[in-house]
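Enquirer: Generate coordinates for the sequence data below:
(one chain, ligands or ions: 1)
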Amino acid sequence: MGPGGVAVGGGTILVVLLVSFLTGTNPLVLLNLVETVQDVSVPQSNDAPSPTKAPSDELGKFASVVLTDTEETWHVVLPRMGSNYEEPRLVLFSGAVRSACGLGSAAVGPFYCPMDAKVYLDLSFFKQLSQRLGAPGDFAQAYVIAHEVGHHVQNLLGTSERVHSQQRLASTAEANALSVRMELQADCFAGVWGFHAKRDRNLIEPGDFEEGLHAASAIGDDQLQHMSKGTVQPESWTHGSSQQRTTWLRRGLETGDPTACDTFAANRL
Ligand SMILES: [Zn+2]
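Expert: Numbers count the residues shown, from 1 in each chain. Model prediction:
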């Protein structure tokens, strides 16, 4: 993050891929850390205190800045959809964390828990990325946060609950297809934030959107599967293909309008 605002640069995903190859780490593991929201749904009986800590380091501050900016956006935008925005809590953690949705860990990656309306970010992961990148402010971080906030918006709109109840009655393939629509909508919502961060607050630099779209493309399920298995199985996708993720992120970035993000009504994703 530069002194004048959030300078988000791309290329992170490619760096992750490179790092995976260099370190021998399964790129799926690393990439899941970057992009996945874990909609873990196993409730815990007691909500142990989460290790929330003051965002003292640069990455924590960056996460707070991005989160605050998403709040500015959604306070304006969500009332147009008939809801008021309630801000999510941000939980920064290292290693493992207990949420109302169960145990999260650095191996799970950043996630959103609808049951406690908190966004969980693993800072050790961001730190690792940052150190390897040599730059703390980058698009992957902002994108992860905005995407998780997108899941929070879905929670406020009742979408998460509706989809999860549909998934419980569905076959695995159908449940995955619903998950893809959820994730693509979260991508689109992340784009809605990007639109307003740029237009209303001038936080986005030229080239950021293109880099973001490139990142969305790099984390498509088809791309990940091709890399890890050499084959592509669309019925097992949970986040959408490269093209789908790019398409919906772009839709949000270009319209700034969450009503344009109705992936559930779309015949073609
Ligand atoms: Zn997600």
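
Enquirer: C-alpha only now, for contacts and for neighbours.
Expert: Will do.

Enquirer: hang on, Asp116 packs against Ala100?
Expert: Yes. Using Cα atoms under 8 Å, Asp116 is in contact with Ala100, at 5.8 Å.

Enquirer: Pull the contacting residues for Glu87.
Expert: Glu71 (Cα atoms under 8 Å, 6 or more residues apart in numbering).

Enquirer: Look at it and give its secondary structure.
Expert: Following DSSP: H, G, I helix; E, B strand; the rest coil, the label given to Glu87 is coil.

Enquirer: cool, Glu161 as well?
Expert: Under three-state DSSP, Glu161 falls in the helix class.

Enquirer: Between Asp116 and Ala100, which has more neighbouring residues?
Expert: The residue with more neighbours, out of Asp116 and Ala100, is Ala100; 22 against 13, by other Cα atoms under 10 Å.

Enquirer: Could you give the residue of the stretch 151-269 of the chain that lies closest to the ion?
Expert: Nearest to the ion in the stretch 151-269 of the chain, going by Cα to the ion, is Glu183, at a distance of 4.6 Å.

Enquirer: Which helix or strand contains that residue?
Expert: Using DSSP states H and E, Glu183 sits within helix 172-199.

Enquirer: After that helix, which helix or strand is next?
Expert: Later in the chain than helix 172-199, the nearest helix or strand by DSSP H and E is helix 208-218.

Enquirer: Okay, buried residues for the next helix or strand after that next one please.
Expert: Later in the chain than helix 208-218, the nearest helix or strand by DSSP H and E is helix 221-229. For helix 221-229, burial by neighbour count (16 or more other Cα atoms under 10 Å) applies to 221-225.

Enquirer: tell me what helix 221-229 is packed against?
Expert: helix 27-35, helix 242-255 (3 or more Cα pairs under 8 Å, 6 or more residues apart in numbering; DSSP states H and E).

Enquirer: Report the next helix or strand after the first one in sequence order.
Expert: By that I understand helix 27-35. Beyond helix 27-35 in the direction of the C-terminus, DSSP H and E gives the next helix or strand as helix 58-77.

Enquirer: Let me know the angle separating that following helix from helix 172-199.
Expert: Per axes from the mean of the first three to the mean of the last three Cα atoms, to 10 degrees, the angle that helix 58-77 makes with helix 172-199 is 90 degrees.

Enquirer: Tell me the first helix or strand C-terminal of helix 58-77.
Expert: strand 89-93.

Enquirer: and that following strand, which strands flank it?
Expert: Each strand paired with strand 89-93, and its direction, by DSSP bridges: strand 118-122 (parallel).

Enquirer: Buried residues in the partner strand, which are they?
Expert: Per 16+ other Cα under 10 Å, strand 118-122 contains these buried residues: 118-122.

Enquirer: Format the CA atom coordinates belonging to stretch 165-176 as CSV.
Expert: This file holds the C-alpha atoms of stretch 165-176, laid out as CSV (Å, rounded to 0.1, in the frame of the first residue of the first chain):
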residue,chain,number,x,y,z
SER,A,165,-30.4,-25.5,2.4
GLN,A,166,-30.6,-26.3,-1.3
GLN,A,167,-27.3,-28.0,-1.1
ARG,A,168,-28.3,-30.3,1.7
LEU,A,169,-31.0,-31.8,-0.6
ALA,A,170,-28.9,-31.9,-3.7
SER,A,171,-26.5,-34.4,-5.3
THR,A,172,-22.8,-33.7,-5.1
ALA,A,173,-22.7,-32.4,-8.6
GLU,A,174,-25.7,-30.1,-8.0
ALA,A,175,-24.3,-28.9,-4.7
ASN,A,176,-21.0,-28.1,-6.5
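
Enquirer: and it, what's its mean pLDDT?
Expert: Here stretch 165-176 scores 95 as its mean pLDDT.

Enquirer: what's next to stretch 178-186, contact-wise?
Expert: 147-151, 154, 160, 163, 167, 237-240, 244-245, 248-249, 261-264, 269.

Enquirer: Who are the contact partners of the nearest residue to Arg168 once chain neighbours are set aside?
Expert: Residue nearest to Arg168 in three dimensions, not counting chain neighbours: Ala175, with 7.7 Å by Cα to Cα, 6 or more residues apart in numbering. Taking Cα under 8 Å, 6+ apart, we find Ala175 in contact with 166-168.
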